[in-house]
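J.: Here you go, sequence then predicted model.
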Amino acid sequence: AQSVAQPEDQVNVAEGNPLTVKCTYSVSGNPYLFWYVQYPNRGLQFLLKYITGDNLVKGSYGFEAEFNKSQTSFHLKKPSALVSDSALYFCAVRDGSTGFQKLVFGTGTRLLVSP
Amino acid sequence: NAGVTQTPKFRVLKTGQSMTLLCAQDMNHEYMYWYRQDPGMGLRLIHYSVGEGTTAKGEVPDGYNVSRLKKQNFLLGLESAAPSQTSVYFCASSENRGGELFFGEGSRLTVL
């Protein structure tokens, strides 16, 4: 069964500094990896995904993520944080094997960007 | 485009009452899902559907039932609500099994 770990409950960063939100995963087959963001009292919004191809994936709002197969990681990054990036971030993984494989979410990391 | 719409947004129930949450999507997606979100636990899949007329159990299906009579609608029912079902419920849809999920705004349910 697939699983996701987000080791940090909260990440604090100053505006303008680079940010990283960590994610590691475990799947039997090829991983389909996703990042979502949730603003207060809102649903989750898709940021980016890795299915195959380049290990560096670019997504919405200037975010990117790097797929590292050997370390089974898919960390979310942004070169320069904005206060408006403050939100709850979820990493998710699906096993890419045939048939339906559910999308499993991590427990979330709260990003707080201070002015 | 409305995307994924959930109703109601808020509801308070007494233990033992029943209710139905409605999810509607206007993107012609085949796949639909119901998740619950609880503090410190992320999102957990309750039930899902891979097409009109189909439903299947997710991780935490007990106490819930679902129906997908029309492609655009996915209903989540609680026959006899329990305090453990106090949560925020999210509906989502996807075009196919590998695609990203599109989420509704959530429905906050409190069971007293």
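T.: Nice, thanks for sending it over. Small disclaimer: the values here were computed from a predicted structure and weren't measured.
J.: Do you know the pLDDT at B:Leu45?
T.: As predicted, B:Leu45 sits at a pLDDT of 94.
J.: Tell me if it really is in a strand.
T.: Yes. Assessed by DSSP: H, G, I helix; E, B strand; the rest coil, B:Leu45 belongs to a strand.
J.: if I pick the closest residue to A:Leu76 other than its chain neighbours, what's in contact with it?
T.: Nearest non-adjacent residue to A:Leu76, counting by Cβ to Cβ, 6 or more residues apart in numbering or on different chains: A:Val21, 4.2 Å away. For glycine as for every other residue, the C-beta is placed from the backbone atoms N, C-alpha and C. With contact taken as Cβ atoms under 8 Å, 6 or more residues apart in numbering or on different chains, A:Val21 is in contact with A:Gln6, A:Glu8, A:Val11, A:His75, A:Leu76, A:Lys77, A:Tyr89, A:Cys91, A:Thr109, A:Leu111.
J.: For the helix or strand containing the fifth one, buried residues please.
T.: In this case it means A:Leu76. Secondary-structure assignment from DSSP states H and E places A:Leu76 in strand A:73-78. Counting neighbours by 16 or more other Cβ atoms under 10 Å in any protein chain shown, one finds that the buried residues in strand A:73-78 are A:Ser73, A:Phe74, A:His75, A:Leu76, A:Lys78.
J.: Also stretch A:88-104?
T.: In stretch A:88-104, counting by 16+ other Cβ under 10 Å, buried: A:88-96, A:101-104.
J.: among those residues, which are in reach of chain B?
T.: Residues of those in contact with chain B (Cβ under 8 Å from any Cβ of the partner chain): A:Phe90, A:Arg94, A:Gly96, A:Gln101, A:Lys102, A:Leu103.
J.: now whichever residue of chain A sits closest to chain B: how far from B:Thr86?
T.: Of all residues in chain A, the one sitting closest to chain B is A:Gly43 (3.6 Å; Cβ to the nearest Cβ). From A:Gly43 across to B:Thr86, the span is 19 Å (Cβ to Cβ, to the nearest Å).
J.: tally of neighbours for the closest residue in space to B:Tyr89 that isn't next to it in sequence?
T.: In space, and not counting its chain neighbours, B:Tyr89 is closest to B:Ser107: 4.7 Å by Cβ to Cβ, 6+ apart. Number of residues near B:Ser107 (other Cβ atoms under 10 Å in any protein chain shown) recorded here: 23.
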